[in-house]
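**Q** give me a model of this one.
(one chain, ligands or ions: 1)
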Amino acid sequence: MALTDAPTVTTDQLTELQAGIATARATFDSGRTRPLAWRKAQLDGLLRVLKEGEAELSAALATDLGKPTTEGWAADIGTPASEIRHIRKHLAKWMAPRKAKLPMSAQPGKGTIVPEPLGVALIIAPWNYPVQLLIEPLAAALAAGNAAVLKPSELAPATAEVLTTLLRRHLDNEAIFIANGGVDVSTALLAEKFDHIFFTGSTSVGRVVMKAAAEHLTPVTLELGGKSPTIIDSSARIDVTAKRLVWSKFLNAGQTCVAPDYVLVTAQNRDALLDQMAEAISTFYGDDPAASPDLARIVNRRHLDRLAGYLQAPGAGTVAIGGQIDAADRFMAPTVVLDPELDTPLMTDEIFGPILPIVTVADLDEAIAFVNARPKPLALYLFAEDDAAADQVIASTSSGSVCVNHAVVQILPAELPFGGVGESGMGRYHGKSGFETFSNMKSVMQRPTKLDPPVAYPPTNAFKDRLIRKLL
Ligand code: NAD
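**A** Take a look at the predicted model:
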């Protein structure tokens, strides 16, 4: 949506938003957010949000997305809690100025890199992991000593409401301001000046965010989406591959930014893969997946209709597994589609739902060429026992992350920076990379005045010229 067509907030809403931002800025300017003790207190507050709010958050996630209890806990409570504990443990070390080695030409002198907070960060979150994707960037922003303005997703309203109450209860309300609402509120916020914008959402809205940020020259982190491919090499162990694919694809009913979007497999492995996937689906979710307590629901009717439309579109291919829909329950069965045409929406749009298209390719080279002919994905998956195949895929493709012989799990380790490349986004977070995203890594050089050799000063001569050429 162009900025000019965007819906607008009322004058009262705008006054409230601007007051919230002004308070956050005044708090930041007062210096309150800088000390380690304040930062740790906010991280502890976030841990209390997750621990004390666990039951309420789980219930809200079930209302918004039908999230199964264990899955909801793991993704939206356990994962952010683990990230926060990691940040808290290492924060003092990350905050300390780091020594930089200076060359001869800068001697005598001392070089340091001093991390300093940026100011007020705007964090805009999506609905699919509505707790994790708000809390984790917030933890990074607060750890780096910033104030923050938060915009939870309006499409997970129960979670947004519970989160708002809990965050207000446990955090410094003069440094953290929560603005709930839809595109109107987001648009109004984006017109204001921030020191960093951290956006998680679709590539199309990412463009809107970056344009708005350009007005104030505000740096952005864009955590976007796209189609993450899965390549199955001829050396893959099909039994394990099928189980891991089924788990990672149908987690949160496929509404995961790094979910395998489509599979590239050779004809030789295709039927075995289909058989093993059918078996894994029935083992995991039973013969009637609609009755399984382990499958989430589609976020709303509009998205369910979008997904149903993919299956009905011309050239959508053959539904090999699943395909059942219960609109009243916002349910779509785990679905596998065989050989859709490449210009059908299933193969051009990000699916973001429980449909997995399988495309037959001749060999690994063709699979790599297929990936490279499309926008750079957020994640790329390869299933292969052959290390040479893994090396070839890693070296000859570009993506935000690669995971070999599994999918989705590469986002979990705090010290693997997470983010996209090209149309799947820019910037990184998780662990230390998140701290650095929300910091100005300021370069500082200090030189003594005791020695002041005239070599660099004019007038130049042949000796100075020779010396400068040696030193640099
Ligand atoms: P979205 O882009 O529609 O919305 C994200 C946020 O932006 C919401 O808070 C929404 O209110 C706001 N927004 C929507 N339209 C806007 C506009 N025109 N102007 C300003 N703000 C606007 O995304 P979504 O539907 O919530 O989430 C799904 C998308 O997010 C998928 O593409 C998915 O791949 C991506 N995603 C990426 C990651 C990641 O970490 N890279 C994680 C989750 C989701």
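**Q** which residues does the residue of the stretch 251-400 of the chain found nearest the ligand contact?
**A** Relative to the ligand, the nearest point of the stretch 251-400 of the chain is residue 257 (3.2 Å; C-beta to the nearest ligand atom). Where you see a C-beta, it was placed from the backbone N, CA and C, and this is true even at glycine. Contacts for residue 257 were tallied using C-beta atoms under 8 Å, 6 or more residues apart in numbering; they are 126, 128, 200, 223, 224, 225, 378.
**Q** surely the fourth one touches residue 202?
**A** I take that to be residue 223. No - here residue 223 does not reach residue 202: they are 10.5 Å apart, not a contact under C-beta atoms under 8 Å.
**Q** residue contacts, the residue nearest to residue 416 when sequence neighbours are not counted?
**A** With C-beta to C-beta, 6 or more residues apart in numbering as the criterion, residue 416 has its nearest non-adjacent residue at 6.2 Å, and that residue is residue 410. Applying C-beta under 8 Å, 6+ apart, one finds that residue 410 lies in contact with 258, 379, 401, 402, 403, 416.
**Q** what residues does this structure put near the ligand?
**A** Contacts of the chain with the ligand, taken as C-beta under 6 Å from any ligand atom, map to 1, 6, 124-128, 133, 151, 153-155, 182-183, 186-187, 200-202, 205, 208, 223-225, 257, 350, 352, 378, 420, 425.
**Q** now those: which count as buried?
**A** By neighbour count, with 16 or more other C-beta atoms under 10 Å, those hold 6, 124-128, 133, 151, 153, 155, 186-187, 200-202, 205, 208, 223-225, 257, 350, 352, 378, 420, 425 as buried.
**Q** just those residues: which are in helices?
**A** 133, 186, 187, 205, 208 (DSSP state H).
**Q** out of the residues you listed, what pair is the most spread apart?
**A** Greatest spacing in those, by C-beta to C-beta: 133 and 187 (19.8 Å).
**Q** can you pull out the strands in the stretch 351-472 of the chain?
**A** Taking DSSP state E, counting those that start in this stretch as the test, the strands found in the stretch 351-472 of the chain are 355-361, 379-383, 401-404, 425-426, 439-446.
**Q** per-residue pLDDT of whichever residue of the stretch 201-350 of the chain sits closest to the ligand, please?
**A** Nearest to the ligand in the stretch 201-350 of the chain, going by C-beta to the nearest ligand atom, is residue 225, at a distance of 2.1 Å. The score at residue 225 is 93. That number is its pLDDT.
**Q** my read is that it contacts residue 204, right?
**A** No - using C-beta under 8 Å, residue 225 is not in contact with residue 204, being 9.5 Å away.
**Q** which regions of the stretch 51-200 of the chain sit below the pLDDT cut-off?
**A** Judged against pLDDT under 70, the stretch 51-200 of the chain has no low-scoring part.
**Q** mind running it again at 90?
**A** Within the stretch 51-200 of the chain, the stretches with pLDDT under 90 are 104-105.
**Q** which residues of it fall in helices?
**A** In the stretch 51-200 of the chain, the helices defined using DSSP state H, counting those that start in this stretch lie at 54-65, 69-73, 79-95, 132-143, 157-170, 183-191.
**Q** distance to residue 288 added to those, as JSON lines?
**A** Formatted as JSON lines, the helices of the stretch 51-200 of the chain follow (distance: least, C-beta to C-beta, whole Å):
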{"stretch": "helix 54-65", "distance to residue 288": "20"}
{"stretch": "helix 69-73", "distance to residue 288": "19"}
{"stretch": "helix 79-95", "distance to residue 288": "30"}
{"stretch": "helix 132-143", "distance to residue 288": "30"}
{"stretch": "helix 157-170", "distance to residue 288": "27"}
{"stretch": "helix 183-191", "distance to residue 288": "38"}
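**Q** how about the strands in the stretch 201-350 of the chain?
**A** Using DSSP E, counting those that start in this stretch, strands in the stretch 201-350 of the chain cover 220-223, 228-232, 260-266, 318-321, 325-326, 331-332, 335-338.
**Q** and those strands, which is most packed in?
**A** strand 228-232 (a mean of 26; mean count of other C-beta atoms under 10 Å).
**Q** strands paired with it, and their directions?
**A** strand 260-266 (parallel), strand 379-383 (parallel) (DSSP bridges).
**Q** got JSON lines for the ones you listed, with distance to residue 116 and mean pLDDT too?
**A** Formatted as JSON lines, those follow (distance: least, C-beta to C-beta, whole Å; pLDDT from 0 to 100):
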{"stretch": "strand 260-266", "distance to residue 116": "39", "mean pLDDT": "98"}
{"stretch": "strand 379-383", "distance to residue 116": "32", "mean pLDDT": "98"}
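**Q** distance to residue 340 added to the ones you listed, as CSV?
**A** Output for the strands paired with strand 228-232, formatted as CSV (distance: least, C-beta to C-beta, whole Å):
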stretch, distance to residue 340
strand 260-266, 8
strand 379-383, 19
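**Q** these: which one's closest to residue 99?
**A** It is, among these and with distance given as C-beta to C-beta, strand 379-383, at 35.4 Å.
**Q** what's next to that closest one, contact-wise?
**A** 228-233, 236-237, 240-241, 244-245, 258, 260, 371, 389-390, 393, 397, 399-408, 410.
**Q** 7 Å - rerun?
**A** 228-233, 236, 241, 258, 260, 371, 390, 393, 397, 399-405, 407, 410 (C-beta atoms under 7 Å, 6 or more residues apart in numbering).
**Q** over to stretch 464-472?
**A** Counting by C-beta under 7 Å, 6+ apart, 104, 105, 455 sit against stretch 464-472.
**Q** residues of stretch 432-449 that come out buried?
**A** Of the residues in stretch 432-449, those buried (16+ other C-beta under 10 Å) are 432, 433, 434, 435, 436, 437, 438, 439, 440.
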